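> just the structure for this:
(one chain, ligands or ions: 1)
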Amino acid sequence: MSNAWTIEISRIFVLAVIAILFGLISGYWGLAIFLSSLVYVTWMLVQIRALERWIRLGAKNQFALDTSGIWQLIVQHIVYAQRKNKERKRRLSYMARRFEATIAALPEATVVINSHREIELTNQASEEILGIEKRRDLGQRIDNLIRDPKLQELIESEESPARLEMESPIDQRKTLSVTCVDFGEEQKLITARDISQRIAVHKLRKAFIANASHELRTPLTVITGYLELLESEPDMSDMVRKQIGNASRQASRMQKILDDLLTLSKLEEKGYDRESGVMIDMPGLIQKLVTDFKKTKAKGTHQIEVDIDPTLQIKAVESELYSLCQNLLSNAVKYSPEGSTITVRWQRKEDGYTYFSVTDNGEGVAPEHISRLTERFYRVNVNRSRQIGGTGLGLSIVKHILENYGGFLDIQSELGKGSTFTAYFPKYRTIEYEKLAS
Ligand code: ADP
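Numbers count the residues shown, from 1 in each chain. The predicted structure follows:
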């Protein structure tokens, strides 16, 4: 038991002894009990009043009355809780100051909005990038200050983080990359950065590749034509014929690279478009492709099995679908041994995604290469790819076609065992179109 409680009980004991003595001497037991109780209750009331006054005045000074009993213990607890509270407050305000300083130092425009879209916090960069001034705009609704439907879309998005690119609200020539993340209690953290320079460089690069490919195409066609003409010349030594044949093959390869580069440029230029394309008979297209392959590239070398849902059609551009399927199938033929089986599937998954997949039992790809296969000119074995007529651009084209449709490419591969390349198309490319058609 604590000392304070011992003191308090001793006090009650002393009062009880006095009351008993008074009762024994006077014989008035009732009066003795009443008086002793009255003394104790009065003492308690005086203490409670003092405590109430002490708390009312901010619990700052020393507690004036009882400095030893139960009241002192209560006061000690209050003082301790108060001190802890102060410490917590101090720590919280330190953290809040640091948080504000961090946000202020960020080079990206950073704005925190509440559930009513009112600005709660902003930094210096927001002024330069979004035109939001801390002093003027704090407490204002962000959608009143930036009236761009894309921003609305971003804030309303259910994704977190949600990202999009939009025009700068203060300079139409600039493009911003804006991100919105859910944070705290129904708050959102919006960050924006200027990506105009990156976009300009990207455009320049794209334009350069497209122009260079275009410019090189005509002279190369002429050279290829002459080489073909020379090859058919009868009066020629074997050595010269061999060299001309070599040059002709290299020129054709260059032509193929230029064609692929131009295809890539066009796909990049086109970008994502939810509405593009018409209804395509994909089962028919795949069957035709497989039949062609059986007669040409895979003739006598590979077994091609198909597992096709004949009812599954898709809204797309036929030439792009053809190029996608053709690239994946020709890779399977190129990178799997003669006599092996290739399986082509066109099916829908339970989650609604439609997929075209090609499975082979070929050489497979080591895990460290898989994520890089869709980069331009990335090849696991450059010499081998060149020998078998690869350009290193096929998977890059496949990836771009899928991105433009809102789909993606999945690669599962095991070295020495084989690979499955799967092109996934989003639900709306098939399901919504079916609805439209019915
Ligand atoms: P390439 O013209 O060289 O085939 P791609 O872009 O089509 O270019 O493919 C890139 C690289 O990915 C290839 O060089 C090859 O190393 C690897 N690859 C693609 N498909 C397969 C496959 N089915 N099996 C094993 N490796 C593959």
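
> so after the helix or strand hosting Arg91, what's the next helix or strand?
Using DSSP states H and E, Arg91 maps to helix 70-105. Sequence-wise, the next helix or strand downstream of helix 70-105 (DSSP H and E) is strand 109-113.

> and the contacts of that next one?
With C-beta atoms under 8 Å, 6 or more residues apart in numbering as the test, strand 109-113 has contacts from 103, 119-123, 125-126, 128-130, 132, 142, 155, 183-184, 187-193. Just so you know, the C-beta spots here come from the backbone N, C-alpha and C atoms, and that holds for glycine as well.

> between that strand and helix 70-105, how many degrees?
140 degrees (axes from the mean of the first three to the mean of the last three C-alpha atoms, to 10 degrees).

> about what we covered before: in the helix holding Arg91, what's buried?
Residues of helix 70-105 classed as buried under the neighbour-count rule (16 or more other C-beta atoms under 10 Å) are 70-73, 75, 103.

> make JSON lines out of these and add distance to the ligand.
Output for the buried residues of helix 70-105, formatted as JSON lines (distance: C-beta to the nearest ligand atom, whole Å):
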{"residue": "Ile70", "distance to the ligand": "82"}
{"residue": "Trp71", "distance to the ligand": "83"}
{"residue": "Gln72", "distance to the ligand": "81"}
{"residue": "Leu73", "distance to the ligand": "78"}
{"residue": "Val75", "distance to the ligand": "78"}
{"residue": "Ile103", "distance to the ligand": "44"}
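
> now tabulate those residues in TSV and tack on pLDDT and distance to Leu373.
Shown next, in TSV, are these (pLDDT from 0 to 100; distance: C-beta to C-beta, whole Å):
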residue	pLDDT	distance to Leu373
Ile70	83	78
Trp71	82	79
Gln72	80	77
Leu73	82	74
Val75	84	74
Ile103	86	40
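
> can you give me the helices for the stretch 251-400 of the chain?
282-295, 318-334, 367-370, 382-387, 394-404 (DSSP state H, counting those that start in this stretch).

> separation between the residue nearest to Asp351 when sequence neighbours are not counted and Lys315?
Distances taken as C-beta to C-beta, 6 or more residues apart in numbering put Lys427 closest to Asp351, at 8.0 Å, once the chain neighbours are dropped. Applying C-beta to C-beta, to the nearest Å, the value for Lys427 to Lys315 is 11 Å.

> so for these two, which residue has more residues nearby?
With neighbours defined as other C-beta atoms under 10 Å, Lys427 and Lys315 compare such that Lys315 has more, 21 against 14.

> quick one: that one from Gly418, how far?
Computed as C-beta to C-beta, the Lys315 to Gly418 distance reads 31 Å.

> touching, Met282 and Leu321? I think so.
Yes - contact criterion C-beta atoms under 8 Å: Met282 and Leu321 qualify, at 6.6 Å.

> need the residues touching each of the two.
Contacts common to Met282 and Leu321, judged by C-beta under 8 Å, 6+ apart, are Ile314.

> buried set for stretch 165-184?
By neighbour count on 16+ other C-beta under 10 Å, the buried set for stretch 165-184 is 166, 168-169, 175-180.

> now, which of these sits nearest Leu267?
Checking the buried residues of stretch 165-184 against Leu267 by C-beta to C-beta gives Thr175 as the nearest, at 20.6 Å.

> how about the contacts made by the closest one?
Thr175 neighbours (C-beta under 8 Å, 6+ apart): 165-168, 194-196, 199.

> mean pLDDT, distance to Lys206 and mean neighbour count for the helices of the stretch 251-400 of the chain - can I get that in TSV?
Output for the helices of the stretch 251-400 of the chain, formatted as TSV (pLDDT from 0 to 100; distance: least, C-beta to C-beta, whole Å; neighbours: other C-beta atoms under 10 Å):
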stretch	mean pLDDT	distance to Lys206	mean neighbour count
helix 282-295	95	29	16
helix 318-334	96	18	20
helix 367-370	96	26	12
helix 382-387	82	24	12
helix 394-404	96	12	21
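
> for Asp413, what are phi and psi?
That one is not Asp; residue 413 is Ser. With angles defined as degrees, to the nearest 10, Ser413 sits at phi -150, psi 150.

> just the element for whichever residue of the stretch 1-150 of the chain sits closest to the ligand, please.
Using C-beta to the nearest ligand atom, the closest approach of the stretch 1-150 of the chain to the ligand is made by Lys150 at 34.0 Å. Assigned by DSSP H and E, Lys150 belongs to helix 149-156.

> get me the contact residues on this protein for the ligand.
Within the chain, the residues that sit near the ligand (C-beta under 6 Å from any ligand atom) are 327, 331-332, 335, 360, 362-365, 373, 379-381, 385, 390-396, 419.

> for this structure, which residue occupies the most central location?
Pro161 (5.9 Å; C-alpha atoms, centre = their mean).

> backbone dihedrals for the closest residue to the ligand within the stretch 51-200 of the chain, please?
The ligand sits closest to Arg198 of the stretch 51-200 of the chain, with a gap of 25.0 Å, by C-beta to the nearest ligand atom. Arg198 adopts backbone torsions of phi -60, psi -40, taken as degrees, to the nearest 10.
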